[in-house]
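>>> Provided below are the primary sequence and the corresponding predicted coordinates.
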Amino acid sequence: MSQIHVSTTLNGDPVEYLCEPDETLLDVLRDRLGLTGSKEGCGSGDCGACSVTVDGRLVCSCLVLGAEAQDREIETIEGVAQGENLHPLQQKILDHAALQCGVCTPGFIVAAKALLERNPDPSETEVRYWLAGNLCRCTGYDKIVRAVMDAAQEMRGA
Amino acid sequence: MLDKTKDPVAERDFKVVGTRPVRPDGVDKVTGRARFGADISAPGMLVGKVKRSPHAHAKLVSIDTEKALALPGVKAVVTRDDFAENKKQCDVLRNIMAREKVLYDGHAVAAVAATSATVARKALKLIEVEYDVLPHVIDVDEAMKPGAPLLHDDMITKGVDPEPETASNIAQRYEFGHGDVEKGFAEADVVVERDFKTAAAHQGYIEPHACLASFTPDGQGELWCCTQGHYAIRGFCADLLGMDISKLRVTASEIGGGFGGKTTVFLEPLALALSRKTGRPVKMVMSREEVFRASGPTASTSSRVKVGATKDGKITAGEAEFRYQGGAFKGSPVQFGAMCAFACYALENVKTVGYDVVTNRPKQAAYRAPGAPMAAFAVESVIEELAVELSIDPVELRLINAAEEGDQSSFGPTFPRIGLVETLEATKAHEHFSAPLGPNQGRGIASGYWFNFGGATSVSLNIQPDGTVALAVGTPDIGGSRASMSLMAAEELGIAYEKVKAIVADTASLGYNEVSHGSRVTFASGLATIEAARNAKKILCARAAKMWEIPEEAVEWVDGHARPAGANAGDFEPMSLADIAKVAEQTGGPISGHQEHNASGAGASFATHMVDVEVDPETGRAHVVRYTAVQDAGKAIHPSYVEGQFQGGAAQGVGWALNEEYIYNDDGRLENPGFLDYRIPVCSDLPMLDTVIVEVPNPGHPYGVRGVGETGIVPPMAAIANAVSAAAGVRMTELPMSPPKLLKAINAKKANGSA
Amino acid sequence: MQYEAPQTLDAAVALLADARGAARVLAGGTDLLVQLRSGAIEPDLVVDIKRIDELKKITAEDGGYRIGAAVSGAELGEHEGVRALWPGVVEATELIGSTQVQGRATMAGNLCNASPAADSVPAMVAADATARIVGPDGVRDTSVRDVATGPGQTSLGRGEIVVSIFLPARPARSGDAYLRFIPRTEMDIAVVGAAVSVSLDDEGTCVAARVSLGAVAARVLLVDEGARVLIGTKLDDDALQALAAAASAACSPINDKRGTIEFRTDVAGVLARRAAQTAFERAKG
Ligand SMILES: Cc1cc2nc3c(=O)[nH]c(=O)nc-3n(C[C@H](O)[C@H](O)[C@H](O)COP(=O)(O)OP(=O)(O)OC[C@H]3O[C@@H](n4cnc5c(N)ncnc54)[C@H](O)[C@@H]3O)c2cc1C
Ligand code: FES
Ligand code: FES
């Protein structure tokens, strides 16, 4: 089984790596590139903790092969804040205490960011259904949904 | 509601306690920087994986590791032969690695360390295990029957007089209560008696168990793992590996949820053993499937509850029998179930009996208020039925019988100041209580009780030269506790919250700390933090006294400053903490306060939940449309995180009530070891979860804190069952109330009605 | 395992046809990767079809639409034309998994995975959709009904790829709908699925209908009797009751962790009735 050479763009930067043909993008990110912000909660597409975007589409990186990333643009949680500046979603999650353990938080932020880029003014129901693939066992989602709605409002105002 | 005039704690004006600042570990967690169990690596690291039993019950005849060891890249295999018999940890030892028998689907039989995950997985397939399959038993009632397959030939039921002569699957019988229930039932005008069942649920933390172990040839070990209690992990591991406690240093990673499930060892001793054998660091991470099959879900239960009351609603007697299976080894939380069952009520006659039963399932671990939710589901369902029969509002009925300060609890001790009545009053006063219901909707209410633990706690508080404070606690932060600790330290020292930075220290840096469980962290570590701050203040005052050349007693600490205590002491400009810290080196060296103690004075916490559920009568689907959780927090240190605990408990309760369950097939294999079919609530399943924080101070804590982490999961199942039953017109007595069950009940009622 | 991402259909077919061991097409991977990771399948070759341009397109054809096999659910949902013509098919496809799964999952993959509970398949069957298949022997068109032959089994030959799904044109005053039953609101596999497609005349009387059920038999069912009882009616209560009865009667489900025989049979009738009502409303416009 020979390894595959992949060139891709990760959080705006060119990146190259070698990976096994059956290795997932999540494993590449975590184990080869040291980006452990994306989490593996299930490895089967059920929890969303591994959420990233590929060419702007929200996906579970545990269900993408590392080899598929060739010439794509990958965005992960590590690329959400711009330098010192947190993204409004990150700030609102903090302000609303919308995390307890925080292991689901990167996935929620990546997923919610993808939502607000498409729909700057989502209803509560739209937020809930968009985020249905992101499991949180700690919070009961209440504060997360509020934080996302609040961030949306702030981003519309800005 | 709260009579402030009587209460010194409630009277106190807090400056920072009760505010909602951003938590100290917040930015790390929203940027992906926070490091959880699986997020670190070490040079030369190997990957460890576990081979697990496909059988529910079998003799372990032989394990052949030769072919696996011959595979290039495989560095070591460990089996039962690598762990010495251990009388003290007999069950823990057998749970982490099967010895004579495998006792459940997923039971570990071997572990391998290899240079990559791929090689490790291949190696697992090459390990040859010979099993002699035995009959198995999954259901608690089946397991109790004479003639059921026996898990342990030597299990003689404890707590029974005379001691039984033959072995059974019943580990122990418990009994609690007082008065004479027969007399009580004779006095009753109405008696309701029902049978109940609840399925095993899993804590469902999103982060699977993970650890990195490193053992050096001189016998020193380091372990990084996600746990609720790294000191406890250290104890288990040192014992199982036969090493000195001081030679094993355990660091708690950030923890991605635990809810009681990360209070014991699974992978950790295996990783250490593999690292010892290979001389290289070994990382082990469970898959989600392994988490479901082989960590510690909660008990499944069956029970019978009987309650009698007079026409005016006075409960004359309560009696219950609880049967909890806790998996392959003794220790189901039935004792707590039997204790908490009637804790909400002041009863003259009460009796509860509990049976701790073993079955061919993974050994249960604690899950949020272990044992109490199942008992509350049964009792609070009967209370609701009683209210209907008596035509008394369910909150009124609870108020008539509610336990208060001075009442003897159903499990023995007399209650100190408690807040059940206040939660009931707040429920009644809430707008939700009288809001109109839509078609096919029903409202349910239930109350619940859970203890708070205290226990061994060590905290160290170091004052830095620039006047900031480093606070080291030894209880892993499972829900924002570093923020609460920082708030309490800041409050006590009279400085800004931002000046305090709390961390979770490793096992070498502090004295022993009990696990983050039993709703004890904010209470016990908080208490120790306050004491540590008080000790630091004494030193700060002494340093000021030294500089002012006055006696130490003549200095007091007010509003973050040392000042002369009264006019006689002299006239000096007050010195702030920063002022004193700056010159600490000249006045005697570094300043720190610490506290090591067994925390006592933990307060009990009561909650009342109210929920509206809509039922689709044609499909049996129940949907929660409105939820209000009311709970006594004593004093909410960081109200947002207190609300978060209420909401999390409620959400988990919704899952347990409606869909979550361990499903076994006829071979005793778990059928749904994944989040696709073990159905925890998703975002679109839930409405906003309203909360009301009631504050009836705990007299045992200087700020009045009560633990809030667990009580919130005690009432939901009963509240939801009461709502579903009201909406569907059928009494549901089995959890989960999944659509096939609910539709069947609805259709049966229709058939009876039209017949 | 070998991974290939050819740029042409010919190359893909050649790779698959010439493969020595087990070979698999990779579309969105939302089934394939789960099966790979669990060890359920161990292919020697995986051919990623997402770099083949013609499979990434949705094109209008003969008043209907041809949907490329590499079009994701999210892309389909953003296509106003298909949504307007076959709203039931689009809503069924959009029910597959989460937003994340939608970013990858394809209708063709849903079809070829051959799960009896696949959500888009009953809707496609009700729509009388056709799958275009390309293989070493050339091109063939077949009814989507004939692709899956049983759980995990398809009629595809060695080297064959489903390249597109064709949703036909339909008369004015037509509508379709798909409903499924799941215990939660999202993230579950259908316990029962029901799709109904109807066409009405100017008076609003049903002149054509197709009824399809998922997760109640080893394959997705086309329930002719369900269609028969709707045709000639205005979907009054009697017709809807007859539809429900016909749907329930057509079921031959199993007991499993997701539902009982009794439950599936019951709910199939309920969902068929409800889906018909929605399809009828849509047809009336
Ligand atoms: C979390 C989660 C939730 C899900 N929820 C649902 C749900 O609600 N409803 C539902 O129906 N499904 C669900 N699924 C299953 C899956 O998402 C769907 O079946 C999806 O449509 C599969 O499409 P895909 O493109 O990802 O297929 P892939 O995984 O790429 O392929 C699936 C199978 O079809 C074969 N194949 C794919 N494309 C072709 C082709 N063009 N020609 C020949 N063979 C091909 C592959 O070799 C493979 O065997 C879920 C999956 C996950 C992970
Ligand atoms: S780890 Fe990818 S969805 Fe759970
Ligand atoms: S905060 Fe713990 S899972 Fe979401």
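It's in. Ligands and ions are numbered 1, 2, ... in the order given.

>>> report the residue ranges of every domain in chain B.
Taking automatic domain parsing as the domain assignment, the ranges for chain B are B:37-134+B:208-255+B:262-294, B:300-452+B:603-751, B:454-599.

>>> out of those, which comes closest to ligand 1?
domain B:300-452+B:603-751 (6.1 Å; CB to the nearest ligand atom). Quick note: C-beta positions are derived from backbone N, CA and C, even for glycine.

>>> which SS state does the residue nearest to the spatial centre of chain A fall under?
Against the mean C-alpha coordinate of chain A, by CA atoms, centre = their mean, the closest residue is residue A:110 at 3.1 Å. Under the three-state scheme (DSSP: H, G, I helix; E, B strand; the rest coil), residue A:110 adopts helix.

>>> return the residues in contact with it.
Neighbouring residues of residue A:110 by CB atoms under 8 Å, 6 or more residues apart in numbering or on different chains: A:38, A:51-53, A:58, A:75-77, A:80.

>>> swap in residue B:660?
Residue B:660 makes contact with B:199, B:201-202, B:204, B:678-680, B:736, according to CB under 8 Å, 6+ apart.

>>> change it to 6 Å
B:201, B:736 (CB atoms under 6 Å, 6 or more residues apart in numbering or on different chains).

>>> just residue C:76 next, same as before
Listed by CB under 6 Å, 6+ apart, the contact set of residue C:76 reads residue C:93.

>>> okay, it: pLDDT?
Looking at residue C:76, its pLDDT stands at 98.

>>> separation between it and residue C:89?
8 Å (CB to CB, to the nearest Å).

>>> got a winner among the contacts of residue A:110 for most neighbours?
When neighbours are counted by other CB atoms under 10 Å in any protein chain shown, residue A:51 leads the contacts of residue A:110 with 34 neighbours.

>>> would you list the phi and psi of that one?
Note on residue A:51: its backbone torsions stand at phi -60, psi 130 [degrees, to the nearest 10].

>>> the one 10 residues further on now?
Residue A:61 has phi and psi values of phi -70, psi -10 when expressed as degrees, to the nearest 10.

>>> what sits against it?
A:25-26, A:38, A:50, A:52.

>>> next: residue C:179.
The neighbourhood of residue C:179, defined by CB under 6 Å, 6+ apart, consists of C:194, C:271, C:274-275.

>>> just the closest residue of chain C to ligand 3, please.
Relative to ligand 3, the nearest point of chain C is residue C:187 (15.2 Å; CB to the nearest ligand atom).

>>> quick check: that residue touching residue B:682?
Yes: contact criterion CB atoms under 6 Å: residue C:187 and residue B:682 qualify, at 5.2 Å.

>>> please enumerate the shared neighbours of the two.
Residues touching both residue C:187 and residue B:682 (CB under 6 Å, 6+ apart): residue A:132.

>>> residue 95: how many residues sit nearby?
I went with chain A, as the question did not name one. The tally of other residues near residue A:95 (other CB under 10 Å) stands at 19.

>>> to clarify, I was referring to chain B.
24.

>>> OK, contacts around it?
Contacts of residue B:95 (CB under 6 Å, 6+ apart): residue B:363.

>>> tell me which element it falls in.
helix B:90-96 (DSSP states H and E).

>>> what's the mean pLDDT across that helix?
pLDDT averaged over helix B:90-96 gives 97.

>>> kindly report the same for stretch B:271-281.
97.

>>> SS state for the residue of chain A found nearest ligand 1?
Taking CB to the nearest ligand atom, ligand 1 has its nearest neighbour within chain A at residue A:45, 3.0 Å off. Following three-state DSSP, residue A:45 is assigned to coil.

>>> that one against residue A:63, yeah?
Yes: using CB under 6 Å, residue A:45 makes contact with residue A:63 at a distance of 4.8 Å.

>>> common neighbours of those two, please.
residue C:30.

>>> go through chain A and flag its longest helix.
helix A:142-157 (DSSP state H).

>>> can you give me the buried ones in that one?
A:142-152, A:155 (16 or more other CB atoms under 10 Å in any protein chain shown).

>>> residue C:203: neighbour count?
Counted with other CB under 10 Å, residue C:203 comes out at 8.

>>> meant to ask about residue B:249
18.

>>> and what of the one 3 residues further on?
Number of residues near residue B:252 (other CB under 10 Å) recorded here: 27.

>>> what sits opposite it in the beta ladder?
residue B:225 (DSSP bridges).

>>> pretty sure it contacts residue B:230?
Yes: taking contacts as CB under 6 Å, residue B:252 lies within contact range of residue B:230: 4.2 Å.

>>> where does the prediction get shaky in the chain?
Unless you meant another one, I'm taking chain A. By pLDDT under 70, the weakly predicted segments of chain A are A:1, A:158.

>>> oops, wrong one, chain B.
In chain B, residues with pLDDT under 70: B:1-11, B:754-755.

>>> near chain C, which residues of it are found?
Counting by CB under 6 Å from any CB of the partner chain, chain B comes close to chain C at B:618-619, B:659, B:663, B:671-672, B:677, B:679, B:682, B:684-685, B:739-740, B:743.

>>> in chain A, what residue comes closest to chain B?
residue A:37 (2.0 Å; CB to the nearest CB).

>>> I'd say that residue and residue A:81 touch.
No: look at residue A:37 against residue A:81 with CB under 6 Å: they stay out of range, at 10.7 Å.

>>> more crowded one of the two?
A count of neighbours by other CB under 10 Å puts residue A:37 above the other of residue A:37 and residue A:81, at 27 against 19.

>>> give the contact list for that one.
Per CB under 6 Å, 6+ apart, neighbours of residue A:37: A:77-78, A:106, B:32.

>>> just residue B:371 next, same as before
The contact partners of residue B:371, taken as CB under 6 Å, 6+ apart, are B:333, B:336-337.

>>> again with residue A:21
Going by CB under 6 Å, 6+ apart, residue A:21 touches A:4, A:67, C:1, C:3.

>>> in strands, which of these fall?
Using DSSP state E, the members of those that fall in strands are A:4, C:3.

>>> can you pick the most crowded of the contacts of residue A:21?
Highest neighbour count within the contacts of residue A:21, by other CB under 10 Å: residue A:67, with 24 neighbours.

>>> wait, doesn't that one sit right on residue A:4?
Yes: using CB under 6 Å, residue A:67 is in contact with residue A:4, at 4.7 Å.

>>> need the longest helix for chain B.
Max-length helix for chain B by DSSP H is helix B:526-548.

>>> can you list the buried residues in that helix?
For helix B:526-548, burial by neighbour count (16+ other CB under 10 Å) applies to B:526-537, B:539-545, B:547-548.

>>> quick one: contacts of it?
B:457, B:459, B:461, B:485, B:488-489, B:492-493, B:552, B:555, B:557, B:562, B:572, B:575, B:580, B:587, B:591, B:593-595, B:599, B:701-702, B:705.

>>> hmm, try it at 7 Å
B:457-461, B:463, B:471, B:473, B:484-485, B:488-489, B:492-493, B:551-552, B:554-557, B:562, B:570, B:572, B:575, B:577, B:580, B:584, B:587-588, B:591-595, B:597, B:599, B:637, B:701-702, B:705 (CB atoms under 7 Å, 6 or more residues apart in numbering or on different chains).
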